[in-house]
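Undergrad: Provided below for reference: sequence and predicted model.
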Amino acid sequence: QVQLVESGGGLVQAGGSLRLSCAASGRTFRWYSMGWFRQAPGKEREFVAGMSWSGTKYIQDSVKGRFIISRDNAANTMHLQMNSLKPEDTAVYYCAADLRIRAKPSGEGIEYWGKGTLVTVSS
C-alpha cells in the first residue's frame, strides 16, 4: 500500500520557521517527482514546490527565497524548509508524488497524495 505521510506542521509566529517532512513507502518512487501543495481555507489548492528524481527544483514565486525543498531518494523522504513565514502561508500542506508534477500545478490528476499537515502562521 502506497503511503505518503507528512509531519512537521504546527503553529508559528510570523517570521518564524517550520520544516515539513514527507515519508513515502509502499513502492519505488524512482523517476517520480515529489512536491508540496497547499490549500488555505476558502481557497483553491495550489502548487508550492517540487523536485524531480534527478534533482531539478520548481518553486512557486510567492515562496521563492523563503522555502527550500529537498529530497533523499535513498530514504524516500522529502522536506520543505519554510523560513520567514507569513500569515498568508497558513494552509494545509500536502505531500504529492507523480511522474509529471510540474505539468499538474493545480494538483488535478496527481497520482499519490498524503493526508496533509496544518501550518498556521499567526500575525
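TA: On my side now, so go ahead. Residues are numbered from 1 along each chain as shown.
Undergrad: can I assume Leu25 is in contact with Asn76?
TA: I think there's a mix-up here, since residue 25 is Ser and not Leu. Yes. Using C-beta atoms under 8 Å, Ser25 is in contact with Asn76, at 6.4 Å. For every residue, glycine as well, the C-beta is placed using N, CA and C.
Undergrad: Compare these two (neighbour count), which wins?
TA: Higher neighbour count among Ser25 and Asn76: Asn76, with 20 against 12, using other C-beta atoms under 10 Å.
Undergrad: Report the separation between the more buried one and Gly109.
TA: 22 Å (C-beta to C-beta, to the nearest Å).
Undergrad: Report the secondary structure element holding the residue nearest in space to the middle of the chain.
TA: Among the residues of the chain, the smallest C-alpha distance to the mean C-alpha position (C-alpha atoms, centre = their mean) belongs to Trp36, namely 2.0 Å. Assigned by DSSP states H and E, Trp36 falls within strand 33-39.
Undergrad: That strand pairs with which strands, and in what direction?
TA: Paired strands of strand 33-39, with direction, are strand 46-51 (antiparallel), strand 91-98 (antiparallel) (DSSP bridges).
Undergrad: residues making contact with the last one?
TA: Read it as strand 91-98. With contacts defined as C-beta atoms under 8 Å, 6 or more residues apart in numbering, strand 91-98 is touched by 4-6, 9, 20, 22, 24, 29, 32-41, 43, 45, 48, 78, 80, 104, 107, 109-119.
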